[in-house]
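K.L.:
here are the coordinates; sequence isn't available:
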């Protein structure tokens with residue numbers, strides 16, 4: 001035993017290429033997505049969290065996924081649970097896991113909470129126009145890129161005002177350089193404007209919302225079987241815009257067999273487990289298997 005504290009022995013720590021100086025600040029998701037766009041071997045894999053439990057976040061983070069996607073639009077996160085879950089993800093993975101938050105469109109409280117806690121990415125749902133995305137980006141970034149307000153509660157002067165980067169003691173420039181903006185397109189109008197949205201300087205990925213798109217297009221909601229031609233065309237438009245503008249796609253594989261097709265379509269980050277679905281399916285399959293072992 002060296003007698004040194006854990007924090008003084010970096011050889012014991014997880015190597016996390018994209019982590020920030022402090023685990024209360026955002027990791028460099030922008031950089032990670034850029035590399036994934038250039039090299040499929042660097043695609044990010046993560047999990048989707050809809051259950052608002054910090055304890056579950058710690059379990060997910062212990063497996064060190066590249067990211068955890070927390071859904072505040074439809075998950076029941078309150079402000080404190082969201083703040084603590086983001087910190088838990090980053091600390092329990094030692095900075096290897098970045099957090100991506102989908103916020104309700106007009107909920108600036110959730111957005112502020114996510115950013116102040118150190119979220120590395122923000123998904124903007126229901127994007128339909130370039131102007132809508134550009135206006136929202138102003139809320140995400142500090143000046144001169146936007147008008148985000150600086151919080152006095154994310155650091156302690158003389159203790160945690162540290163940065164890996166020069167001339168940025170409080171990581172405001174670093175946040176602007178690290179936090180990824182991901183517009184989610186999930187309507188007919190959004191697909192019509194996807195090329196324009198994909199061309200916006202500063203966005204880091206695009207996300208498709210198949211469920212809401214099918215509802216908006218008047219299609220029967222289905223998550224299995226052969227996709228409707230209208231849905232296939234929309235997915236093709238997303239892939240085309242992604243490749244044309246060098247902006248990777250962000251999405252979910254409802255089963256692992258989908259991963260090669262998602263990579264081919266241009267995904268740079270893929271969720272391979274959605275917690276509610278995953279836990280329910282695992283439970284059901286275990287019960288079904290057990291019942292099948294009962295002697296007839």
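P.N.:
Looks like it arrived, so ask away. What you see is a predicted model, and the numbers here were worked out from it, not measured in a lab.

K.L.:
next up, phi/psi of residue 288, please.
P.N.:
Per-residue torsions, residue 288: phi -60, psi -40 (degrees, to the nearest 10).

K.L.:
from residue 180, how far off is it?
P.N.:
To residue 180, residue 288 is 40 Å away according to CB to CB, to the nearest Å. Backbone N, C-alpha and C define where each C-beta goes, glycine included.

K.L.:
who has more neighbours out of those two?
P.N.:
Neighbours per residue (other CB atoms under 10 Å) separate residue 288 from residue 180, with residue 180 holding more: 28 against 9.

K.L.:
show me what contacts the more buried one?
P.N.:
Contacts for residue 180 (CB atoms under 8 Å, 6 or more residues apart in numbering) come out as 29, 30, 33, 100, 120, 121, 122, 204, 205.

K.L.:
what are the ranges of the helices in the stretch 51-200 of the chain?
P.N.:
Using DSSP state H, counting those that start in this stretch, the helices assigned to the stretch 51-200 of the chain run over residues 54-62, 79-92, 108-117, 130-140, 172-178, 188-192, 194-198.

K.L.:
those into JSON lines, with extra columns for mean neighbour count and distance to residue 228?
P.N.:
Listed next are the helices of the stretch 51-200 of the chain as JSON lines, based on neighbours: other CB atoms under 10 Å; distance: least, CB to CB, whole Å:
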{"stretch": "helix 54-62", "mean neighbour count": "17", "distance to residue 228": "33"}
{"stretch": "helix 79-92", "mean neighbour count": "21", "distance to residue 228": "35"}
{"stretch": "helix 108-117", "mean neighbour count": "20", "distance to residue 228": "33"}
{"stretch": "helix 130-140", "mean neighbour count": "17", "distance to residue 228": "26"}
{"stretch": "helix 172-178", "mean neighbour count": "19", "distance to residue 228": "38"}
{"stretch": "helix 188-192", "mean neighbour count": "18", "distance to residue 228": "13"}
{"stretch": "helix 194-198", "mean neighbour count": "20", "distance to residue 228": "18"}
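
K.L.:
where in this structure is pLDDT low?
P.N.:
Applying pLDDT under 70 to the chain flags residues 1-14, 160-165.

K.L.:
mind listing the strands for it?
P.N.:
44-49, 67-71, 98-102, 121-124, 180-185, 206-208, 249-252, 267-274 (DSSP state E).

K.L.:
so which of the ones you listed comes closest to residue 18?
P.N.:
Residue 18 lies closest, by CB to CB, to one member of the strands of the chain: strand 98-102, at 6.4 Å.
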